[in-house]
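**Q** Curious how this folds, go ahead:
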Amino acid sequence: MLSVVLPAFNEAANLAWFLPELTSKLAGEARRLELLVVDDGSKDDTALVVHSLIQQGLPVRLLRLSRNFGKEAALSAGLDAAEGDVVLSMDADGQHPIATVLAMLPLWRAGYDVVYGVQTGRRESQSVARRSYTKFFYWLMQRDSRFELPSDAGDFRLLDRRVVLALRSLPERARYMKGLFAWVGFKSKAIEFVPDARAHGETSFNFMRLLSLAVVGLTAFSKVPLRMVSLLGMVVSVFSVFFAFWIILEKVFLGNPVSGFATLAASITFLAGVQLVCLGIIAEYLGRVFDEVKQRPLYLVQELTPPLSGPEEL
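**A** Numbers count the residues shown, from 1 in each chain. Next up is the predicted model:
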């Protein structure tokens, strides 16, 4: 069985045309097909559209969360509920090309456990500031990791059943799926693709949500920010010692007056800023620990339609 997990938030218009097309293109690729739509607290008719397609006989299931938990939690919920021997995760807006999916399946049959899509031309379409921010983020991530995190890969990937089981076994609540996909390892293969144009609506994944996801990724996979805090503290301490020697030299040995108020005010302001930045970084890590120790569920299910069938060989 081939399971396709599609996290969806207000994607009724896109699901209405994309699921029938996906079904027609993948029907001949597997003995059984399961299209699992994870409704992440949508405010539109996403659930109604999915139920309508189920009534039409399409191999579609609906997993409806009790509220909006975010794409990472929705994707995790879909992987937990998927029944297939191989699981494909892709966006519900139709931008991930079906032709690329058809190219992924032979690679899986050839022995690759993970086949992931790499978006081409992505960097060229971004601003200089966005590219710089992205490059710095991946530099931080790679400085303290023993696994490679592809910079232009996302959630568009084909996973063998044993990879899915490995992901299910991970207990953390702060989910950065891109990092988890890379962390579990297994034999992997990249495949390039150019995203299709979005037929309806606009993406809800704005810059602030991207920034929040980056913070989750850093605090979940890297200790570099904490080590940078320690390094900054040492640099400031060394600077303070040299500055003290300079004051002694000027005042005692050279007899030059040293302006005290301006120097003191600048030093206090600078050190206060450094301390606040350091406290903010430490607070992010403590916040992640706080979320983990509460052990709340990653998501809550409001509705889950029955499985279409048990797992079979593809």
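**Q** for Ser3, helix, strand, or coil?
**A** strand (DSSP: H, G, I helix; E, B strand; the rest coil).
**Q** Would you check that it makes contact with Val87?
**A** Yes - with contact defined as CB atoms under 8 Å, Ser3 and Val87 form a contacting pair (4.7 Å). Any C-beta I mention is one placed from the backbone N, CA and C, and that applies to glycine too.
**Q** And the two? Which one has more around it.
**A** Set side by side, Ser3 and Val87 give different neighbour counts by other CB atoms under 10 Å, the larger being at Ser3 (29 against 24).
**Q** contacting residues for the more buried one?
**A** Taking CB atoms under 8 Å, 6 or more residues apart in numbering, we find Ser3 in contact with 34, 36, 82-84, 86-88.
**Q** quick one: it from Val128, how far?
**A** As judged by CB to CB, to the nearest Å, Ser3 and Val128 stand 40 Å apart.
**Q** and the helix or strand hosting Ser237, which residues are buried?
**A** In the assignment (DSSP states H and E), Ser237 maps to helix 224-248. Within helix 224-248, the residues scored as buried using 16 or more other CB atoms under 10 Å are 224-226, 229, 236.
**Q** Which neighbouring elements make contact with it?
**A** Secondary-structure packing of helix 224-248 (3 or more CB pairs under 8 Å, 6 or more residues apart in numbering; DSSP states H and E): helix 128-143, helix 207-221, helix 260-294.
**Q** for it, what is the average pLDDT?
**A** Helix 224-248 comes out with an average pLDDT of 75.
**Q** for it, the distance to its chain's centre please.
**A** With CA atoms, centre = their mean, to the nearest Å as the basis, the distance from the averaged C-alpha position of helix 224-248 to the chain average is 35 Å.
**Q** Stretch 59-72 too?
**A** Its chain's average C-alpha position is 17 Å from that of stretch 59-72, according to CA atoms, centre = their mean.
**Q** Kindly check the end-to-end length of it for me.
**A** The first and last residues of stretch 59-72 sit 24 Å apart, counting by CA to CA, to the nearest Å.
**Q** Same question for it: list its buried residues.
**A** In terms of neighbour count (16+ other CB under 10 Å), stretch 59-72 has its buried residues at 59-65, 68-72.
**Q** Let me have the helices and strands packed on helix 224-248 in TSV, extended by mean neighbour count and distance to His51.
**A** Shown next, in TSV, are the helices and strands packed on helix 224-248 (neighbours: other CB atoms under 10 Å; distance: least, CB to CB, whole Å):
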stretch	mean neighbour count	distance to His51
helix 128-143	14	39
helix 207-221	16	28
helix 260-294	12	34
